[in-house]
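Q: With the sequence up front, the predicted model follows.
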Amino acid sequence: MIQFEKYDYEVPVFLNTNTKRWIEEVLSVFHKRTGLISFLFCSDESLLRINKQFLDHDFYTDIITFNKSLNVDIISGECYISVERVMENAGILEESYVQELHRVIIHGMLHLIGFNDSSLEEKQQMRMLEQKCLNLRLNT
């Protein structure tokens, strides 16, 4: 089950059943099934507190994922998304807010599936996979 929830920011109105189907389609491409996946929408300050408390990082970010999967084939987790950071990044990248939020959502899903982005090579692979998944959204 995929859930979109308010943490301290309203859930964007354009996230709907079609978005959930797209996320499930992405999971199926990687031969994964949907467990309980929650996307929680929050402010920069809330995500900064989470980043400090759980990851010992003192910087702003657009998403933090917590993998809750008990089985490698069934993806479960929590994805905290800073709406403010996504909006700012969309402006910097000259991208629409909708497109940037979809990219961030899929970025979180890729982390839950098991992909990382610590090294330059991993970052390049992550960007390529994000684009592949965004293209799926356009075709569903």
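A: Noted; the coordinates are in hand.

Q: now the strands for this structure?
A: Ranges of strands within the chain are 2-6, 33-42, 63-67, 74-82, based on DSSP state E.

Q: The last one packs against which elements?
A: Strand 74-82 makes packing contacts with strand 33-42, helix 44-55, strand 63-67, helix 97-113 when contacts are defined by 3 or more CB pairs under 8 Å, 6 or more residues apart in numbering; DSSP states H and E. (Each C-beta comes from the backbone N, C-alpha and C, glycine too.)

Q: most packed of those?
A: helix 97-113 (a mean of 21; mean count of other CB atoms under 10 Å).

Q: between it and strand 33-42, how many degrees?
A: Using axes from the mean of the first three to the mean of the last three CA atoms, to 10 degrees, the direction of helix 97-113 lies 130 degrees away from that of strand 33-42.

Q: what pLDDT, on average, does helix 97-113 get?
A: Regarding helix 97-113, the rounded mean pLDDT is 97.
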